[in-house]
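J.: One predicted model, sequence on top.
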Protein chains: 2
Amino acid sequence: MKIGILSAGNIGSRLARAWAAAGHELVIAKDGEDRKIEPLLTELGDKARLGTIREAAEFGEVVLFSIYWPRVEAIVSQVGDALDGKVVIETMNPLGVTADFVHFHDLEFMRDSSTSEDLQRRLPKARIVKGFNLIAAPSLEAAAWAAAPVQANVFYATDDSAAGDVTRGLIADAGFKPVNAGNLKGARQLEQVGVLLHHVADNEYGGDADLIRLALAVVEANPGPITRERIA
Amino acid sequence: MKIGILSAGNIGSRLARAWAAAGHELVIAKDGEDRKIEPLLTELGDKARLGTIREAAEFGEVVLFSIYWPRVEAIVSQVGDALDGKVVIETMNPLGVTADFVHFHDLEFMRDSSTSEDLQRRLPKARIVKGFNLIAAPSLEAAAWAAAPVQANVFYATDDSAAGDVTRGLIADAGFKPVNAGNLKGARQLEQVGVLLHHVADNEYGGDADLIRLALAVVEANPGPITRERIA
């Protein structure tokens, strides 16, 4: 499958590696200085080539939209209409940033929206899917979970079920278990889970604020034999 | 430990069994008809006795506040000042109910509050802890998870760290792994996870709307050897 990577930062570069290894063909753009991804391009060889933001958007049947949230407007203006009709997997979290470059969860924004709904409004003809927002970049490689007793889950949400199915395959190609979290508004819950995981990191993992070790998995009970009559 | 159960419905009855088995002493109240919990009281023998809402609240050093959300105001008026200074574990979810008795997530309420913050406002001298809101009652017995590769997690949130430590012990006594989700406002995220789990049940588990099989577990990566230089 032809995949455009917008852009190869901490998340995009890791998924680029996984998807190149799974046989996909990539055009990779960098929001910022191209020279920073030269080692990545060298590593991927003929599986990937460098492009502008617009070129990567035009190339991909699927486009990973993994942009630093305060840069969204600038990137959308570079993309123009190149994402119309395409599956766009957006990985963002609504992190605000202070003048001192301190990041915070933009809880006010999260009351009534999500990065996914915002991006869908900006790109009304794109087929937006939320995904990959809950595993910290350094752990976004299947090898990091090799010792875990269950696979880390990658939750996704979309209003376009065919786009969801494509995303499901790409999540599996990256080595993770896909979990369908419903329609695009379900992105709100996925972003709230991002806040929860920071709370858990702070309170159970000694302030591991990068969440470098953590993900969630849906686990299943077998309640059959012990279900009792409802007494409420 | 002396525990008051307010009230023994689907959640309260299951935790009453677990805590009685762990050696705690219980006074159990029922919001509704007492005769419905006669089998439970018979089963628990001298570990538990029946009380009014007020009596159970007075008895407990810790009180499980597991009330049908539309009944909170009525129960608080029966409790009066009996919960002042006590650890109160509230298990509620902000489910609204229509005239036709259809339940729905009260997303409007959830924008700016949580059942935990609401209860703390009503009972300003109680030491409110959120907990046990994310595992469906039929699976709220450790035996249901015996075949799961990781333990289901019970997340909790509180502004009172000593109350949190007590809750942690009681979560373990019930057979689950406690996970500290931060201060009382963290209850907002835990309630959003309740919405997420319903989405997952609908989309991955064939509309298993009671969530009867599902819970979340925090899983850990070992990202050490594969961490790469930041390139953003």
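T.: Structure's in. What do you need? Values in this document were obtained by computation on a predicted structure and should not be read as measured data. Numbering: from 1, shown residues only, chains lettered A, B, ... in the order given.

J.: what stretches of chain A score poorly on pLDDT?
T.: Low-confidence regions of chain A, defined by pLDDT under 70, span residues A:208-209, A:224-232.

J.: let's go with 50 and repeat that
T.: Scanning chain A with the threshold set as pLDDT under 50 gives A:226, A:228-229, A:231-232.

J.: Helices of that one, residue ranges please.
T.: Secondary structure of chain A (DSSP state H): helices at A:10-21, A:38-44, A:53-59, A:72-79, A:107-110, A:115-122, A:161-173, A:186-204.

J.: Alpha carbons only: can I get the fifth one in CSV?
T.: Extracted C-alpha coordinates of helix A:107-110, given in CSV (Å, rounded to 0.1, in the frame of the first residue of the first chain):
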residue,chain,number,x,y,z
LEU,A,107,-9.0,20.2,28.9
GLU,A,108,-11.0,23.2,27.8
PHE,A,109,-10.8,22.2,24.2
MET,A,110,-11.5,18.6,25.1
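
J.: Next, the buried residues of it.
T.: For helix A:107-110, the neighbour count (16 or more other C-beta atoms under 10 Å in any protein chain shown) marks A:107, A:109, A:110 as buried. Using the backbone N, CA and C atoms, a C-beta is placed for each residue, glycine as well.

J.: got it, and the first one?
T.: For helix A:10-21, the neighbour count (16+ other C-beta under 10 Å) marks A:10, A:11, A:12, A:13, A:14, A:15, A:16, A:17, A:18, A:19, A:20 as buried.

J.: Quick one: check it for contact with chain B.
T.: Yes. Using C-beta under 8 Å from any C-beta of the partner chain, helix A:10-21 reaches chain B at A:10, A:13.

J.: Give the other helices and strands that that helix contacts.
T.: If contacts are counted by 3 or more C-beta pairs under 8 Å, 6 or more residues apart in numbering or on different chains; DSSP states H and E, helix A:10-21 sits against strand A:2-6, strand A:25-29, helix A:38-44, strand A:62-65, helix A:161-173.

J.: how about the CA coordinates for that helix, as CSV?
T.: The C-alpha coordinates for helix A:10-21 follow below in CSV (Å, rounded to 0.1, in the frame of the first residue of the first chain):
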residue,chain,number,x,y,z
ASN,A,10,8.9,10.5,17.0
ILE,A,11,5.7,8.7,16.1
GLY,A,12,5.9,8.9,12.3
SER,A,13,9.4,7.6,12.1
ARG,A,14,8.6,4.5,14.1
LEU,A,15,5.5,3.7,12.1
ALA,A,16,7.5,4.3,8.9
ARG,A,17,10.0,1.6,10.0
ALA,A,18,7.2,-0.9,10.9
TRP,A,19,5.2,-0.3,7.7
ALA,A,20,8.3,-0.4,5.4
ALA,A,21,9.2,-3.8,7.1
